[in-house]
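**Q** I would like to see how this sequence folds:
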Amino acid sequence: MQATSSTEDAAWQDPRILPPEVCVLRHVLDRNAAEAPDKVFVRFDDGHEWTYAQIHTTVRRTAAALQRMGVAQGDHVLTWLPNSPDALRIWFAINYIGAV
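**A** Numbering: from 1, shown residues only. Got it, this is the predicted structure:
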């Protein structure tokens, strides 16, 4: 297999594909928590709200717990939860560490 140069890689990239900073959950969540920590990210049916800072902290803690359990980037993880704050927290944490 022949290696390609970075010039060839750059020429091949599709400009319609957004950069990770814009479309990868980890980057978006990190940026929004830094830039607008007190802005409401989600409001649940019961009126409870999470700000970007709160969801960021919660997701990072949950991601760390999943990693301690052995979940790693690229792993496939199944969740079976009803729509709820816990479902959002787990789904975001799985994505935050790069699992699927």
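**Q** Quick one: the strands in this protein, in order.
**A** Per DSSP state E, the chain carries strands over the ranges 40-43, 49-51.
**Q** Looking at those strands, which one is packed in the most?
**A** Comparing those by mean neighbour count (mean count of other CB atoms under 10 Å), strand 49-51 ranks first with a mean of 16. Using the backbone N, CA and C atoms, a C-beta is placed for each residue, glycine as well.
**Q** Let me know how buried residue 59 is, in neighbour terms.
**A** 26 (other CB atoms under 10 Å).
**Q** and if you look at residue 25?
**A** 16.
**Q** On the pLDDT front, check the closest residue to it other than its chain neighbours for me.
**A** Excluding its sequence neighbours, the residue lying closest to residue 25 (CB to CB, 6 or more residues apart in numbering) is residue 95, at 4.5 Å. pLDDT for residue 95: 96.
**Q** and what of the one 3 residues further on?
**A** We have a pLDDT of 95 for residue 98.
**Q** Quick one: residues in contact with stretch 19-34.
**A** Stretch 19-34 has contacts (CB atoms under 8 Å, 6 or more residues apart in numbering) with 39, 41, 52, 53, 55, 56, 59, 92, 95, 96, 98.
**Q** cool, stretch 67-83 as well?
**A** In contact with stretch 67-83 (CB under 8 Å, 6+ apart) are residues 66, 87, 90, 91, 94, 97, 98, 99, 100.
**Q** top of those residues by neighbour count?
**A** For the contacts of stretch 67-83, neighbours tallied by other CB under 10 Å; top is residue 94, 22 neighbours.
**Q** ok now do it, which residues does it touch?
**A** 63, 66, 71, 77, 79, 100 are the contacts of residue 94 under CB under 8 Å, 6+ apart.
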